[in-house]
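Enquirer: quick check, what structure comes out for this input:
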Amino acid sequence: MAQPQKVIPIESWEPGQPWEPVPTPSRFRNPLSKFRVWRDESKCIKCGKCVEVCPYGVHTKSGSYIRRPKSYKCLGLACQDKEFYCVNKCPAHALKVSIHPVYGTLGDSRWTPDLLLSTWWQAETGELSYTDVDYRLGASGGGFDKLRFLFPKARPDFQLSHDEISLDLEINRRGDGRPQIKFSVPWYGGGMSFGSVSINTILSRIRAAVRFNTMVSTGEGGYPEALYPYDHNIITQVATGLFGVREETIQRVRMVEFKYAQGAKPGLGGHLLGDKVTPAVARMRESMPGSALFSPFPFHSVYSVEDHKKHIDWIKEINPRALVSVKVSTPTDVDMVAVGSYYAGAHIVQLDGSYGGTGAAPDIAKKNIAMPVEYAIPKVHQFLRAEGIRDHVTLIASGGIRSAFDVAKAIALGADGVQIGTADLVALECLRCHNCESGRGCARGIATTDPELVDLMTIEWGTNRISNMYYAWTWVLKEILRRLGLRSIRELVGRTDVLAHLDYFDRPVDDSLRR
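Expert: You can find the predicted model right below:
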């Protein structure tokens, strides 16, 4: 990958300008890691041999002082066969490498310790980790974790370079005279409202979106004034609670998103606990500080496609240049819902699966309601094709997109692009502790409204971390396309023939990009 270069300030950034990753280390003194390098100080003779032999910078020194090992840079147990293995080279036998005792406590079955660590590495460096961690898969036992790419061993056009491959995503395909919007990457940021996450988190996501010529949804928490300089890259959301929805904010943006349901909790609506409703949040949502806020499940004004069309017509009348996105969950008749949204006038239909949501989403809803998104995507894609309207609607998938491999799999199943959320938070060093909704919120200053906790993370640091992850994702997506002999992400849409489901495939599949 390319070497880092000086960052152009966001305020002067022009879409299409190349951006290179900027090394952005952890905020914390001792970053978490899969392996722990132990040095027995009672045995160490300070010879510096470990500093001399390690090519990864695990061991460093200041003068004659040997610093504490940077374990997160260690290649791990795979290093045992290398000639530079520090444990074997240490003349005093003062070193050992083992699994970090904290490693097994991280994450969950979807966001495994390996997936967390690999995302943190991408957010720090903009590259795939060289350490012994899996950057592609979780351990859920289903969904995208069961799908693998079938890369051909050789193709006539295998000499494609990344510069020849396009990741552009066209948003308006209706041909209705409204503005044409093209993203430089096949994803945009999902709604995380002011109140559910900190303003620093929101601004970090938006500024990264500016760098990669894409957008971010406000969520249903209103449109804080701090977002005004970034109108061009913001999607404002109209949700059932109508918090902060005003004609003025609808007129500011190029895209408006109706949230009819969230895949992580369909049928339940939203709930922001009173502890997170600070005076600033209350002012934005026109409520009282300390009072819990509820969003009902349905729009009580929408019970038919005709009612739905009135909603969309309302937005189009208020803002003649806005595109309209419709976010729905995945019931069994989601294909009919998608067709209805198209005929109601929507430009984008977003299928929100049950794997997403923050730690505030109840597990009983996430695991037991609605259709898994990997089934919903091809179902809707094929139905829209049968109706003859597939080329006139942009199909977006969301709900549990964790990596560039998940992005590519969703597109191969039939989506045009994806919406992401949790991955951005993981780039900011989210631990997946599932305490997003409780008390003052996130102890790492990500999903919180407490001013003291918000200041744990600077906007510049957060912007660079998310940007680095995006850079790594673009490299992975282009490498996947290159190996498949495809010149555009559009050519991957609906290509289920390049995927294998492990339950129905009778031979081993390795789609690693490290080979």
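
Enquirer: could you pull up the residues touching Q237?
Expert: G191, S193, S217, T218, G219, E220, V256, E257, F258, K259 (Cβ atoms under 8 Å, 6 or more residues apart in numbering). The C-beta positions use only the backbone N, C-alpha and C, and glycine is treated the same way.

Enquirer: swap in K259?
Expert: G191, E220, Q237, V238, A239, T240, K327.

Enquirer: let's see 6 Å
Expert: With contacts defined as Cβ atoms under 6 Å, 6 or more residues apart in numbering, K259 is in contact with Q237, A239, K327.

Enquirer: circling back: most neighbours out of the contacts of Q237, which is it?
Expert: Highest neighbour count within the contacts of Q237, by other Cβ atoms under 10 Å: E220, with 29 neighbours.

Enquirer: look up how far P378 lies from it.
Expert: Between E220 and P378 the computed distance is 29 Å (Cβ to Cβ, to the nearest Å).

Enquirer: among the contacts of Q237, which are in strands?
Expert: S217, V256, E257, F258, K259 (DSSP state E).

Enquirer: ramachandran angles for the closest residue to Q419 other than its chain neighbours?
Expert: Leaving out its chain neighbours, the residue that sits closest to Q419 by Cβ to Cβ, 6 or more residues apart in numbering is S398, at 3.8 Å. Note on S398: its backbone torsions stand at phi -150, psi 170 [degrees, to the nearest 10].

Enquirer: distance of L477 relative to L484?
Expert: 11 Å.

Enquirer: show the pLDDT at the closest residue to I99 other than its chain neighbours.
Expert: In space, and not counting its chain neighbours, I99 is closest to F35: 6.4 Å by Cβ to Cβ, 6+ apart. Looking at F35, its pLDDT is 94.

Enquirer: got the phi and psi for F35?
Expert: phi -120, psi 150.

Enquirer: what's the neighbour count on it?
Expert: Neighbour tally, F35, other Cβ under 10 Å: 25.

Enquirer: my read: it touches G76, true?
Expert: Yes - applying Cβ atoms under 6 Å, one finds F35 in contact with G76, separated by 4.4 Å.

Enquirer: ok, then the element right after the helix or strand of the chain with the lowest mean pLDDT?
Expert: With mean pLDDT, DSSP states H and E as the measure, the helix or strand of the chain carrying the lowest mean pLDDT is helix 363-366 (a mean of 55). For helix 363-366, the succeeding helix or strand toward the C-terminus, using DSSP states H and E, is helix 373-386.

Enquirer: so how far is that following helix off the chain centroid?
Expert: Taking Cα atoms, centre = their mean, to the nearest Å, one finds helix 373-386 lying 22 Å from the centre of the chain it belongs to.

Enquirer: give the other helices and strands that it contacts.
Expert: helix 334-344 (3 or more Cβ pairs under 6 Å, 6 or more residues apart in numbering; DSSP states H and E).

Enquirer: what's the angle between the helix it packs on and helix 373-386?
Expert: 50 degrees (axes from the mean of the first three to the mean of the last three Cα atoms, to 10 degrees).

Enquirer: for stretch 216-229, buried residues please.
Expert: V216, S217, T218, G219, E220, G221, G222, Y223, P224, L227 (16 or more other Cβ atoms under 10 Å).

Enquirer: same question, stretch 134-153
Expert: 134-138, 140, 143-149, 151.

Enquirer: equivalent analysis for stretch 495-504, please.
Expert: In stretch 495-504, counting by 16+ other Cβ under 10 Å, buried: R495, T496, V498, L499, A500.

Enquirer: check which helix or strand the most centrally placed residue in the chain maps to.
Expert: Note on the chain: the residue nearest the mean C-alpha position is A423, at 3.2 Å, using Cα atoms, centre = their mean. If you go by DSSP H and E, A423 is part of helix 422-427.

Enquirer: tell me the mean pLDDT for that helix?
Expert: Per-residue scores along helix 422-427 average to 96.

Enquirer: how many other residues sit next to the residue nearest to E220 when sequence neighbours are not counted?
Expert: Excluding the flanking residues, the one nearest E220 by Cβ to Cβ, 6+ apart is A239, at 3.4 Å. Under the neighbour criterion other Cβ under 10 Å, A239 is assigned a count of 26.

Enquirer: so how far is Y72 from A239?
Expert: 39 Å.

Enquirer: just V197 next, same as before
Expert: 25 Å.

Enquirer: who's more crowded, those two?
Expert: Neighbour count, other Cβ under 10 Å: between V197 and Y72, V197 has more, with 29 against 23.

Enquirer: circling back to that earlier point, who are the contact partners of the residue nearest to Q419?
Expert: Contacts of S398 by Cβ under 6 Å, 6+ apart are G190, Q350, D352, Q419.

Enquirer: check which helix or strand covers Q419.
Expert: Using DSSP H and E, Q419 falls in strand 417-420.

Enquirer: tell me what that strand is packed against?
Expert: Using 3+ Cβ pairs under 6 Å, 6+ apart: strand 417-420 touches strand 187-189, strand 394-398.

Enquirer: dump the C-alpha coordinates for it into PDB.
Expert: C-alpha atoms of strand 417-420 as PDB (Å, rounded to 0.1, in the frame of the first residue of the first chain):
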ATOM      1  CA  GLY A 417     -24.000  -1.000  -1.900                       C
ATOM      2  CA  VAL A 418     -24.200  -1.100   1.900                       C
ATOM      3  CA  GLN A 419     -24.700   1.200   4.900                       C
ATOM      4  CA  ILE A 420     -22.300   0.700   7.800                       C
END
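
Enquirer: name the nearest of the buried residues of stretch 216-229 relative to L384.
Expert: Within the buried residues of stretch 216-229, the smallest distance to L384 is 22.7 Å, found for S217 (Cβ to Cβ).

Enquirer: now the residue lying closest to that closest one once chain neighbours are set aside: how far from V238?
Expert: Spatial nearest neighbour of S217, excluding adjacent residues (Cβ to Cβ, 6+ apart): G191 at 3.8 Å. Per Cβ to Cβ, G191 is found 10 Å from V238.

Enquirer: cool, and M336?
Expert: On the measure of Cβ to Cβ, M336 and V238 end up 22 Å apart.

Enquirer: equivalent analysis for R148, please.
Expert: 39 Å.

Enquirer: can you put the contacts of Q237 in a markdown table and add distance to V245?
Expert: A markdown table is the format used below for the contacts of Q237 (distance: Cβ to Cβ, whole Å):
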| residue | distance to V245 |
| --- | --- |
| G191 | 13 |
| S193 | 12 |
| S217 | 13 |
| T218 | 10 |
| G219 | 12 |
| E220 | 8 |
| V256 | 10 |
| E257 | 11 |
| F258 | 11 |
| K259 | 11 |
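
Enquirer: if we take these, which one ends up nearest to S467?
Expert: For the contacts of Q237, the nearest to S467 is S217 (18.3 Å; Cβ to Cβ).

Enquirer: bridged to the closest one, which residues?
Expert: I235 (DSSP bridges).

Enquirer: is it in contact with S193, as I believe?
Expert: No - applying Cβ under 6 Å as the test, S217 and S193 come out as separate, 9.1 Å apart.

Enquirer: next one: phi and psi at D333?
Expert: The phi/psi pair for D333 (degrees, to the nearest 10) is phi -100, psi 30.

Enquirer: neighbours around it, how many?
Expert: Neighbour count for D333, taken as other Cβ under 10 Å: 12.

Enquirer: do you know how far it is from I377?
Expert: 15 Å.

Enquirer: pLDDT weak spots in the stretch 301-450 of the chain?
Expert: 356-370, 437-440 (pLDDT under 70).
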